[in-house]
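Asker: What shape does this take:
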Amino acid sequence: MPKPATPQHPEVVELDEYDRLRKVSQIRHRLSQFVNAFETTEPWWRFDAAVDRWEDAPRGWHTVQMPPLLEQVRLASEGTNGASDSTGGYESRPAAALDAIDVEIRIEVQCATFLRGTGKAQHGGLEANLRLMSARMPTLTDKDIAEAQKLVRTWWVAAKIVAGLEERPQTPHIHCPLCDHVDTIRVRLDATSVTGIAWCKDCGEAWDEENIGLLIAEIERRREIEESEDDDNDG
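Answerer: Now for the predicted structure:
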């Protein structure tokens, strides 16, 4: 006779008032950038010819008006930031454009699924759903807010990386700690956040200032293992 399954209890998430307000504010701010133009502030640096290097501190900051993130992703998906042949076929598009297409599809599906899961009606296309999600955030449960924060982090980081309007992403030769695929992580180390952001194009996991320390720790752990294995082989 098969052993009865152990009952699965839903995860309980309880936020204090400060954490709840902070998370809701961050989520709504990031969702707003998908559907509204926004400003980004970047440092500018001076090259010191006397010592043949860039100065250690920025000389100033400049503000740039950016189009909505959703518009940036769609521009990237059209191959605006890369070459494609004249056929316009899906297979002919550069890899960066395919990544952008995949990001928009993921956002559309996951946003609609989240809204259905929280019992909120859908009001049309992706832009409308993103606005609806933002408007409903203050009314959601702590558990739904925690889920929304993870989803929106993934969307926001992925969109920032695939759009490439502010800075081109780097592709370090590392394994993703979640899916274990290699060369799938894209990284931006500019002024988007204090610590940089990263995204795996295969499994969709994302890292920002709140959790990128986990990615860095995993990379260091793997590097130590590889170095130890190399030493054993040399010995």
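
Asker: Name the nearest residue to the residue nearest to the spatial centre of the chain, ignoring sequence neighbours.
Answerer: Nearest to the geometric centre of the chain sits Val157, at 1.7 Å (Cα atoms, centre = their mean). Among residues not flanking Val157 along the chain, Ala206 sits closest, at 3.8 Å (Cβ to Cβ, 6 or more residues apart in numbering). Glycine gets a C-beta too; all of them are placed from N, C-alpha and C.

Asker: Could you check the pLDDT of the residue nearest to the centre of the chain?
Answerer: pLDDT recorded at Val157 is 93.

Asker: Next one: it from Leu215, what distance?
Answerer: 11 Å (Cβ to Cβ, to the nearest Å).

Asker: any shared contact partners between the two?
Answerer: Common neighbours of Val157 and Leu215, using Cβ atoms under 8 Å, 6 or more residues apart in numbering, are Ala198, Trp207.

Asker: Pass me the low-pLDDT residue ranges in the protein, would you?
Answerer: Within the chain, the stretches with pLDDT under 70 are 1-12, 42-45, 58, 79-94, 121, 164-168, 190-195, 230-235.

Asker: where do the strands sit along it?
Answerer: 38-44, 47-48, 53-54, 60-66, 185-188, 197-200, 206-207 (DSSP state E).

Asker: Minimum distance to Ala96: which of those strands has it?
Answerer: Among these, the nearest to Ala96 by Cβ to Cβ is strand 185-188 (9.5 Å).

Asker: Report the contact partners of the nearest residue to Arg106 once chain neighbours are set aside.
Answerer: In space, and not counting its chain neighbours, Arg106 is closest to Gly204: 6.1 Å by Cβ to Cβ, 6+ apart. Contact partners of Gly204, counting by Cβ under 8 Å, 6+ apart, are Arg106, Thr154, Ala158.

Asker: For ChimeraX, write a command that selects the buried ones of the residues you listed.
Answerer: The buried subset of the contacts of Gly204, as determined by 16 or more other Cβ atoms under 10 Å, is captured in ChimeraX by this line:
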select :154,158
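
Asker: mind listing what the residue nearest to Val157 touches?
Answerer: Arg153, Thr154, Trp156, Val157, Ala158, Ile197, Ala198, Trp199, Cys200.
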